[in-house]
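Participant: This is the structure alone, sequence omitted:
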């Protein structure tokens, strides 16, 4: 038997607080990109659609809680899948095989680890030299620092990184 609009409004008003609290627990941990109210509205819409299709619902509160949880989990999974996809290209799209992608990620982790204790100028000079592939003269021109100072800073940074790697790996 179909539920009337009035009956649905009465049931949804009674359940809204409980469903908002439930959806809010997911949102508190920043697992969901939507507000609790958006989730509740989506759940109540789904509940209304089930009623319109004459789906046999014995306990509207239990069904509403189940639908809300399922929507929260669905949004969480979509968000998690989206983050995984935005972080890296597939091997086919990037033109690299899977082991190359894993190696690149491992290198980035190691690089972050060894760069952690370097000074700001050491990091900047290494970035200019290794990433931008600037010569010492070009770095000196860009920073206004003497070429000999830049060379010493880069050399010291590389030595510190090598020592840190030797200490941790060997």
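Facilitator: In hand now; what should we look at? Predicted model only: the values in this text are computed from it and were never measured.
Participant: and stretch 123-139, how far from the chain's centre?
Facilitator: 30 Å (Cα atoms, centre = their mean, to the nearest Å).
Participant: measure it end to end?
Facilitator: End-to-end distance of stretch 123-139 (Cα to Cα, to the nearest Å): 13 Å.
Participant: buried stuff in it?
Facilitator: Neighbour counts over stretch 123-139 (16 or more other Cβ atoms under 10 Å) mark 124-126, 128-129, 134, 136, 139 as buried. (Glycine included, C-beta is placed from N, CA and C.)
Participant: Can you tell me which of those is nearest residue 12?
Facilitator: Of all the buried residues of stretch 123-139, residue 12 sits closest to residue 124, with 57.6 Å by Cβ to Cβ.
Participant: residue contacts, that closest one?
Facilitator: Shown in contact with residue 124 (Cβ atoms under 8 Å, 6 or more residues apart in numbering): residue 143.
Participant: can you give me phi and psi for it?
Facilitator: phi -70, psi -50 (degrees, to the nearest 10).
Participant: Pull up the gap between it and residue 66, please.
Facilitator: Shown here: residue 124 relative to residue 66, a distance of 54 Å by Cβ to Cβ, to the nearest Å.
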